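Q: give the three-dimensional model of this entry:
(2 chains)
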Amino acid sequence: DAGVTQSPTHLIKTRGQQVTLRCSPKSGHDTVSWYQQALGQGPQFIFQYYEEEERQRGNFPDRFSGHQFPNYSSELNVNALLLGDSALYLCASSRWLRGRSETQYFGPGTRLLVL
Amino acid sequence: GENVEQHPSTLSVQEGDSAVIKCTYSDSASNYFPWYKQELGKGPQLIIDIRSNVGEKKDQRIAVTLNKTAKHFSLHITETQPEDSAVYFCAPTQGGANNLFFGTGTRLTVIP
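A: Here you go, the predicted structure:
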């Protein structure tokens, strides 16, 4: 049973560019959450998707957007990249039960470097 | 939003000793209290969690204790092994595990 998978593993972009990161949830999971982890910090919640809709959002600008597909996989898009967007981007999947997300399981992350 | 702090920020123990990491939080509505372990180059891995209707939970060498009145919960690791070396994060939240608020992290080093 595959766990949460993310692609690519590493990515280098320049300021002003746009990037798309991808996530496939663990089998049986229907909810995907995205987190940003700066070096030496704890992960920070970006947003969560369930039934192809954004359900909750953290304190991130509109440059960060996402999408969930019918097969529950998800994409994170970041426009107009800034140097400060350099971080490890983590995807977590879970089951949605009784109006809330159950335990979240994390993927290995995508390391983004903005030059 | 939730204000989460972990203590200590770094911890070194001899192999076989116990390690305790404390997490304090500000939101009294928090009702889900997980601990995650993150090894170098990997995503966080859930190691144990507890809900607010339970005071303590144990899984082999790992235990979590919760004090809701004081708004803190702790991770206890007994008989530590070198493979326990990692960064540990607490992530208290309310309403299930919708959006986890991660603590500042504790780097545990187990010395063989």
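Q: quick one: low-confidence parts of chain A?
A: A:1 (pLDDT under 70).
Q: got the residues of it near chain B?
A: Counting by CB under 8 Å from any CB of the partner chain, chain A comes close to chain B at A:4, A:33, A:35, A:40-45, A:48, A:55-56, A:58-59, A:90, A:92, A:94, A:97, A:100-109. C-betas here are computed from N, CA, C, even on glycine.
Q: A:S7 touches A:S74, doesn't it?
A: No - between A:S7 and A:S74 there is no contact under CB atoms under 8 Å: 11.7 Å.
Q: mind checking which of the two has more residues around it?
A: The neighbour comparison of A:S7 against A:S74 (other CB atoms under 10 Å in any protein chain shown) goes to A:S74, with 25 against 12.
Q: now do the more buried one against chain B, distance only.
A: Going from A:S74 to chain B by CB to the nearest CB, to the nearest Å gives 15 Å.
Q: who's that residue bridged to?
A: A:S74 forms beta bridges with A:C23, A:Q68, as assigned by DSSP bridges.
Q: check contacts around it.
A: With contact taken as CB atoms under 8 Å, 6 or more residues apart in numbering or on different chains, A:S74 is in contact with A:22-23, A:25, A:32, A:34, A:49, A:66-68, A:91.
Q: what's around the nearest residue to B:V4 once chain neighbours are set aside, how many residues?
A: Distances taken as CB to CB, 6 or more residues apart in numbering or on different chains place B:G103 nearest to B:V4, at 4.3 Å, with adjacent residues excluded. By other CB under 10 Å, the residues close to B:G103 number 26.
Q: related to what we said a few turns ago, quick one, which of the residues of chain A next to chain B are buried?
A: Buried members of the residues of chain A next to chain B, scored by 16 or more other CB atoms under 10 Å in any protein chain shown, are A:4, A:33, A:35, A:42-45, A:48, A:55, A:58, A:90, A:92, A:94, A:100-102, A:104-109.
Q: hmm, back to that, put the buried members of the contacts of A:S74 into a PyMOL selection.
A: The PyMOL selection below is limited to those of the contacts of A:S74 classed as buried (16+ other CB under 10 Å):
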select buried, chain A and resi 23+25+32+34+49+66+68+91
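Q: return the residues of chain B in contact with chain A.
A: Contact residues, chain B versus chain A (CB under 8 Å from any CB): B:1, B:4, B:34, B:36, B:41-46, B:49, B:89, B:91, B:95-105.
Q: sort out for me which of those are in helices.
A: Using DSSP state H, the subset of the residues of chain B next to chain A located in helices is empty.
Q: make a ChimeraX selection of the buried ones in those.
A: Selection of buried members from the residues of chain B next to chain A for ChimeraX, criterion 16+ other CB under 10 Å:
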select /B:4,34,36,43,44,46,49,89,91,96,97,98,99,100,101,102,103,104,105
